[in-house]
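>>> just need the structure, nothing else, for what follows:
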Amino acid sequence: MTKNWVVYIVECADGSLYTGISNDVEKRIAAHNAGKGAKYTKGRGPVVLRFSEKVKNKSEALKREAEIKRMMRQGKEKLFDV
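Alright, predicted model coming up:
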């Protein structure tokens, strides 16, 4: 069974954005909100999912994540409106 990978962006309570990948976004968001997600989001919760995009596999997810992380905030916000 293949896992579906997703690239996602969450907005932290302080207004900052965090981009990550997961094969279970709901579980990952819950982990972020429990302070167990990523070092960056710890203490910045709660987080709100702002964007998610399905990709073919983990390799594609990592490539897309890197691409999004290189974007300025304005570019990331444009993804929210799509």
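
>>> separation between Glu77 and Ile21?
The spacing between Glu77 and Ile21, counted by Cβ to Cβ, to the nearest Å, is 19 Å. Where you see a C-beta, it was placed from the backbone N, CA and C, and this is true even at glycine.

>>> and for Ala34?
Separation of Ala34 from Ile21 (Cβ to Cβ) stands at 19 Å.

>>> okay, those two: which has more neighbours?
Neighbours per residue (other Cβ atoms under 10 Å) separate Ala34 from Ile21, with Ile21 holding more: 20 against 11.

>>> I figured the more buried one hits Val6, correct?
Yes: Ile21 lies in contact with Val6 (Cβ atoms under 8 Å); the separation is 6.8 Å.

>>> which neighbours do the two share?
Ala61 (Cβ atoms under 8 Å, 6 or more residues apart in numbering).

>>> elements contacting the top helix by length along the chain?
If each helix of the chain is counted by residues according to DSSP state H, the longest one is helix 58-69. Using 3 or more Cβ pairs under 8 Å, 6 or more residues apart in numbering; DSSP states H and E as the contact criterion, the neighbours of helix 58-69 among helices and strands are strand 5-11, strand 17-22, strand 48-55.

>>> and the ones you listed as TSV, adding mean pLDDT?
Listed next are these as TSV, based on pLDDT from 0 to 100:
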stretch	mean pLDDT
strand 5-11	96
strand 17-22	96
strand 48-55	96
